[in-house]
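**Q** requesting a structural model of the entry that follows:
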Amino acid sequence: MTVRYKVFRAIWSSWKEIFDEASDFATQIGKDRIINISHSCDKNDGVVTVWYWG
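**A** The predicted structure follows:
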C-alpha cells in the first residue's frame, strides 16, 4: 500500500462544506484506511487534507 491524500479547498466554499466533503470521503474509504485528517487556513483559503492508505 502507498500513502495517498485528497485535498479539499475552501476558496469559494464554507468551512462546513469542505468539512462535510472531507468527512463524506473519509467515510467512503473506511476508518481502517485513514491515517490522519489535517486542516489549515491562510486568509480566505481553507484546506482540509485526508491522508489515507491506498
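
**Q** sec struct for residue 20, please.
**A** Recorded secondary structure, residue 20: helix (DSSP: H, G, I helix; E, B strand; the rest coil).

**Q** and it, how far from residue 28?
**A** 13 Å (C-beta to C-beta, to the nearest Å). For glycine as for every other residue, the C-beta is placed from the backbone atoms N, C-alpha and C.

**Q** between the two, which is the more surrounded one?
**A** Under the neighbour definition other C-beta atoms under 10 Å, residue 20 and residue 28 were set side by side, and residue 20 has more, 14 against 8.

**Q** quick one: residue 10 and residue 18 touch, right?
**A** Yes: assessed by C-beta atoms under 8 Å, residue 10 is found in contact with residue 18 at 4.6 Å.

**Q** mutual contacts of the two, please.
**A** 46, 48 (C-beta atoms under 8 Å, 6 or more residues apart in numbering).

**Q** does residue 5 touch residue 49 like I think?
**A** Yes: using C-beta under 8 Å, residue 5 is in contact with residue 49, at 5.4 Å.
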